[in-house]
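**Student:** quick one, fold the following:
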Amino acid sequence: MNKLTLSNPYFIFLGILLFGCKSEPPRVNFQDLYTDHSNLSGKKEYLNSPYVTAGDRVYMVGHQDGTFPDLGWHVEGEMGGIWNHPIKLMDGFTNSIQIEGSSYCLDRADQFINYPFGNKHIFSSSIPELEVQRFQFVPEGIEGMVIEFSFTNKGDEKKSFDFNFTGHTDLMPVWLGDRAGMIDDVDNLTFDESRKAWRGKDASNDWYVLFGSNQAGTEDEGIDISCLYEPQGNGVSANLKYTITVKPGKVNTLRFFIAGSYKDQDSVEKTYDLLSKHADTYLKEKIEHYEKIASKSRVTIPDKELELAFEWIKYNTEWLVRDVPEIGRGLGAGMPDYPWWFGVDNEYTLKGAIATGRKDLVYSTIELIHKLSETNGNGKIIHEVSSNGVIFNPGNINETPQFASLIYWVYQWTGDKEFLKKYYPFIKKGLKWLMEENDQDGNLFPDGYGMMEIHGLESEMIDVAVYTQKAFADAAKMAKIMGETEQAESYQHTADLLKEKINKEFWVEEYNAYADFIGTTSEALHLIDAAIVRADTLQKPWAVEELKATKQRLSTYPRNKKQGFVLFHNWVVNTPMEMGIAEEEKAIKALNKGSKFVNPFGVFVTGIDRDEASESADGKFEGSKVFSYTGAVMTLPTGVQAIAENNYGRPDEALGYLQRMTKSFGFALPGSIYEVSPDYGMMAQAWNLYSYAVPLVTQFFGINPDAQNKVVHIKPQMPSSWNSAKIENVIMAENSISMDFKKEGNEILIEVKQENGDWEIHLDPSFYPAKSIKLNDTAFDSVEKGTYSSTGKSIIYTLTL
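**Tutor:** Numbering: from 1, shown residues only. Now for the predicted structure:
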C-alpha cells in the first residue's frame, strides 16, 4: 500500500485496514502477571466517572465504562484522553466488534477494576457468549502505553469476529501553551507500513503519536460506524481492523501500543518499538515498583479500612508524578485538572512522602520547585506552574514560609547537610522578602493571600501568620546547624514574638476560636456583607444570623481599628494547633469549636457552609454546574484537624477525623480519595498523603527522626481502641525501623527493630501513665518524665500502667 497522508478533520475516517499476522502472539497474557495483585472493583453507579491509567511520562484519563468523553475545565473538555506533557496525544480510542451480522460498540463496561499499576474494564454483557476485557498500563519512564484486549468464548462453538480499534488523535499543547509559543494546528495521519500502525503529526509542530498492535491482517476499505464519538479539537481518526478466532472456553488476546513524542519522528518510532518488544518486562517492572512503594511505612492496624486507604494513598501519590525532562520531575497536585506543579500542595504532601520512604520523589520535586521559584528573584516560592514551564501564579504569601519548614522537616528525616546547604541561602532570602516586602505596618504579620483565596480577603491571615512563625522557628534551627549563631538567635526571637502575638492578637475569646484574619473594621464590614449573601444563597440561616449580629456589633467600632475577626470559620483557623503553637487552654477550646464544622466525610473548607443537615449528608457532593469549591468538605482541612488533635494528646478525636476522611475512599474511584469529599473535584489529590502519613507515622506511632545525629524519637499515642498496631520499614537516612505496639491488660509492649543498630532509640512514654518501665532487661521502678534511650537492632520496652 502506498503511503497515505490525510489532514482531514475528525469523523473523516481513513480506510479500514485488515492485516495478516505480523508477529507471534505474546507468550504470556498480562493477566498471568497481575491476577494475584491487590485490586479494587468500582461501583456500577460510578461507571460514568473518571479514572486514570498513571505513568510518570504518559497517562490516560477516561471513564470507567470504557469511554473517553470530553472532560475537565482547565483546558475545557480536553483534560481527558492520553497526555505526554507538555502535549496531548489522543482524545482516546473506540472499539467495536462485528459478529454474526451484528455490530457492538464497547462503550458500556459492566465492571471497572483498579490496580495500583493499571486498570481493567470488563464487558461481560455487551455481546452474547463473548466476554471482552481491556487492561492497560503505562510503563515508567516511557512515552507510551500498552493496552491488551482479552476475548473469552463463553459459548459451545468456535467464534470468529472482526475487532476495530479506532484511534482519535488530538496533538495539542497543555494549558498556557500559547504563552510558551505552542500553537495548535490540525493533525495529519500517515500509515507506517513497516509497523502496520498509524502515525499522527501536528501540521505545524514536531508532535507525534503512533498507534498499532502486535497482530495484523489484510487491506480493506470502509469505516467503523458502530461507535458514535465526536470529540472536539483539531485531531483526526484512523481505524485498525482485525479478524479474531476463539475456540469454546478459550481466550485470545490482542495488544495495542501507543507511543508519543513532542520532539521528533525518530523518538516516537523508537518508543513504539520498545513497547512492542518489551511490554511484558515493563509490566513486571511496574508491578515491582508499586510493591516497593507498598513495602515502605507499611502499617497493620485494627481499622482495616484505614489501613487499606493508607496503602492506596501511597499509590495515588505515585499516580501524580509528572516528569518533563526539559523542565523537571516532580509531584503534580491532582488529576485530571491539576496534573502540573504547585508550591503549597507539595509543601504539605512531601512531608508525608518523606515519612513513607519517598526520598527520591521529595528531592526531585523540591529541586524543581526551587528552580522555578528562582525566577522570582527574591526567595518567593511559586504557587502554580504548567508542565510547559509557564508560571501562572508566582506565589501566595504562605508558600514561602512553608517551604522553609518543609526543608527542615526533610532534613530531620535524611540528615543530609548538603541538602540543607543547598536550600538554606534561598530560605534566608525568602524570609527577608516575606517580612520586608509584605509586612507594611511592621507588626510581624505578613499581608496577603494564604490558603484561602477569598476575594477581598488579603489582610493578615491566620495561616500566613502561623506558618511564618513556624518558618522562623525552623530557620533558627537551620541557622544553628549552619554555624550562624547570631542569625539563629534573631530568627528564634522573631519566632517567639510571633507565637506570643498569635495567641494574643488572633484569639477571639467570645467565639472560642482563632480569627480568620486581622484587619480593619471597614474591611471586616465589607467582607461580612459578601458572607451574608453567600450564607443566605446557600440557605444557612444560622450563619446569616451570626453574621448579622457580628455586623451590628462592628458598626459601633472605629472604622480603622485593626483586630482579629471570626467571619467565615475557615479551616485555616486550626493551623495554630496543626503547628502546635496554640496555648493548651485555647487549643482545646478551638478544637472543640472546630469539631462543629463537619459532615460525615470531614471538615468544611468554609465553616459557614455547614447547616443542621450536614451531619447526615453522607451521599454524593452536589456541586455547582460551574466548577466551584463552595460548600466543600476537603481532605486537607480534615487531615489538618487530625494532626491538630494529636498535637494536644487527643488521638481518639484524631482517629475520628481520619475515619471521616476514609469514608470517601473508593466512593467514586476504587482505590482513591477525591479532592472534595466524597466525589467532586480531582479524582486523585496529592496532599491526601499529608493527611494520612503525618497522623499515622509521626503521631500515632510517634516516629520522628533526628537523622543527622542518628537518633529516632518515638512517642506513641495510639487511639484507645487500638490494642495492637505495627509499622514496618520506615526509611530514614541509611536506616530503617519497624515498630510493634501491643497492649494487654495493664501492660504495653513496644518492640523496635532497626537495620542499623548504632542509632539511638529514644522512647518518650509520657502519653501513658506507666508505674514502671522495663527497657530490654533493665527495669526502672521510679518512672520520671523524659526519654528512655538504647541502641541495638532490637529493643523491647515494657510499660506497666
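**Student:** quick check, central residue of this structure?
**Tutor:** Nearest residue to the geometric centre of the chain (C-alpha atoms, centre = their mean): residue 686, 1.7 Å.
**Student:** residue 419 versus that one, what's the distance?
**Tutor:** Residue 686 sits 21 Å away from residue 419, going by C-beta to C-beta, to the nearest Å. From N, CA and C alone the C-beta is placed, and that goes for glycine too.
**Student:** over to residue 183?
**Tutor:** 40 Å.
**Student:** from what I can see residue 339 touches residue 85, true?
**Tutor:** Yes. Residue 339 lies in contact with residue 85 (C-beta atoms under 8 Å); the separation is 7.0 Å.
**Student:** any residues in contact with both of the two?
**Tutor:** 322, 387 (C-beta atoms under 8 Å, 6 or more residues apart in numbering).
**Student:** neighbour count winner among those two?
**Tutor:** Neighbours per residue (other C-beta atoms under 10 Å) separate residue 339 from residue 85, with residue 339 holding more: 27 against 23.
**Student:** quick check: which element contains that one?
**Tutor:** strand 338-342 (DSSP states H and E).
**Student:** remind me what the longest strand seen in the chain packs against, helices and strands.
**Tutor:** For the chain, the longest strand by residue count, based on DSSP state E, is strand 159-173. The contact analysis (3 or more C-beta pairs under 8 Å, 6 or more residues apart in numbering; DSSP states H and E) places strand 159-173 against strand 87-99, strand 144-153, strand 187-192, strand 197-202, strand 208-213, strand 237-246, strand 251-261.
**Student:** got the angle for the longest one vs strand 208-213?
**Tutor:** Strand 87-99 runs at 20 degrees relative to strand 208-213, counting by axes from the mean of the first three to the mean of the last three C-alpha atoms, to 10 degrees.
**Student:** from the chain's centroid, how far away is strand 87-99?
**Tutor:** 28 Å (C-alpha atoms, centre = their mean, to the nearest Å).
**Student:** same deal with the fourth one?
**Tutor:** When C-alpha coordinates are averaged (C-alpha atoms, centre = their mean), strand 197-202 and its chain have centres 33 Å apart.
**Student:** who are the packing partners of it?
**Tutor:** Against strand 197-202 (3+ C-beta pairs under 8 Å, 6+ apart) you get strand 159-173, strand 187-192, strand 208-213, strand 237-246, helix 265-295.
**Student:** buried set for the longest one?
**Tutor:** Taking 16 or more other C-beta atoms under 10 Å as the basis for neighbour counts, the residues of helix 265-295 that come out buried are 267-269, 271-272, 274-276, 279-280, 282-283, 286-287, 290, 293-294.
**Student:** cool, the fourth one as well?
**Tutor:** Neighbour-count burial for strand 237-246 flags 237-242, 244, 246 (criterion: 16+ other C-beta under 10 Å).
**Student:** out of those, the closest to residue 460 would be?
**Tutor:** Nearest to residue 460 out of the buried residues of strand 237-246 is residue 237 (C-beta to C-beta; 55.6 Å).
**Student:** spatially nearest residue to that closest one (excluding sequence neighbours)?
**Tutor:** residue 168 (5.0 Å; C-beta to C-beta, 6 or more residues apart in numbering).
**Student:** how many neighbours does that neighbour have?
**Tutor:** 24.
**Student:** show me the contacts for residue 592.
**Tutor:** Counting by C-beta under 8 Å, 6+ apart, residue 592 touches residue 512.
**Student:** so where does it fall, helix or strand?
**Tutor:** Here residue 592 sits within helix 584-594, counting by DSSP H and E.
**Student:** in that helix, what counts as buried?
**Tutor:** Across helix 584-594, burial judged by 16+ other C-beta under 10 Å covers 586-591, 593-594.
**Student:** after it comes which helix or strand?
**Tutor:** Following helix 584-594 in sequence, per DSSP H and E, is strand 598-599.
**Student:** each with direction, which strands does the following helix or strand past that following strand pair with?
**Tutor:** Going down the chain from strand 598-599, the next helix or strand is strand 602-604, by DSSP H and E. Sheet partners assigned to strand 602-604 using DSSP bridges are listed as strand 598-599 (antiparallel), strand 633-634 (antiparallel).
**Student:** format these as a markdown table; extra columns: mean neighbour count.
**Tutor:** Shown next, in a markdown table, are the strands paired with strand 602-604 (neighbours: other C-beta atoms under 10 Å):
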| stretch | mean neighbour count |
| --- | --- |
| strand 598-599 | 22 |
| strand 633-634 | 28 |
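**Student:** now these as TSV including distance to residue 52 and mean pLDDT?
**Tutor:** As requested, these are exported to TSV (distance: least, C-beta to C-beta, whole Å; pLDDT from 0 to 100):
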stretch	distance to residue 52	mean pLDDT
strand 598-599	26	94
strand 633-634	19	95
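**Student:** can you lay out those strands as CSV showing distance to residue 474?
**Tutor:** CSV is the format used below for those (distance: least, C-beta to C-beta, whole Å):
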stretch, distance to residue 474
strand 598-599, 30
strand 633-634, 26
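**Student:** mind checking which of these is nearest residue 71?
**Tutor:** Per C-beta to C-beta, nearest to residue 71 of the strands paired with strand 602-604: strand 633-634, 20.7 Å.
**Student:** how far does the closest one sit from its chain's centre?
**Tutor:** Chain-centre distance of strand 633-634: 14 Å, with C-alpha atoms, centre = their mean.
**Student:** quick check: next helix or strand after it?
**Tutor:** helix 635-647.
**Student:** I'd like to know which elements that next one is packed against.
**Tutor:** helix 575-578, helix 584-594, strand 602-604, helix 651-662, helix 688-693.
**Student:** hang on, the earlier thing: what about the strands paired with strand 602-604, which gets the closest to residue 318?
**Tutor:** strand 633-634 (21.3 Å).
**Student:** CA atoms of stretch 51-63 as PDB?
**Tutor:** Extracted in PDB, the C-alpha atoms of stretch 51-63 (Å, rounded to 0.1, in the frame of the first residue of the first chain):
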ATOM      1  CA  TYR A  51     -10.200   7.000  36.200                       C
ATOM      2  CA  VAL A  52      -6.500   7.400  35.500                       C
ATOM      3  CA  THR A  53      -4.000   5.000  34.000                       C
ATOM      4  CA  ALA A  54      -0.900   6.500  35.500                       C
ATOM      5  CA  GLY A  55       2.700   6.900  34.400                       C
ATOM      6  CA  ASP A  56       5.400   9.500  35.100                       C
ATOM      7  CA  ARG A  57       5.700  10.400  31.400                       C
ATOM      8  CA  VAL A  58       2.400   9.400  29.900                       C
ATOM      9  CA  TYR A  59      -1.000   8.900  31.500                       C
ATOM     10  CA  MET A  60      -4.600   8.200  30.200                       C
ATOM     11  CA  VAL A  61      -7.800   9.600  31.600                       C
ATOM     12  CA  GLY A  62     -11.200   8.200  30.600                       C
ATOM     13  CA  HIS A  63     -14.400   6.900  32.100                       C
END
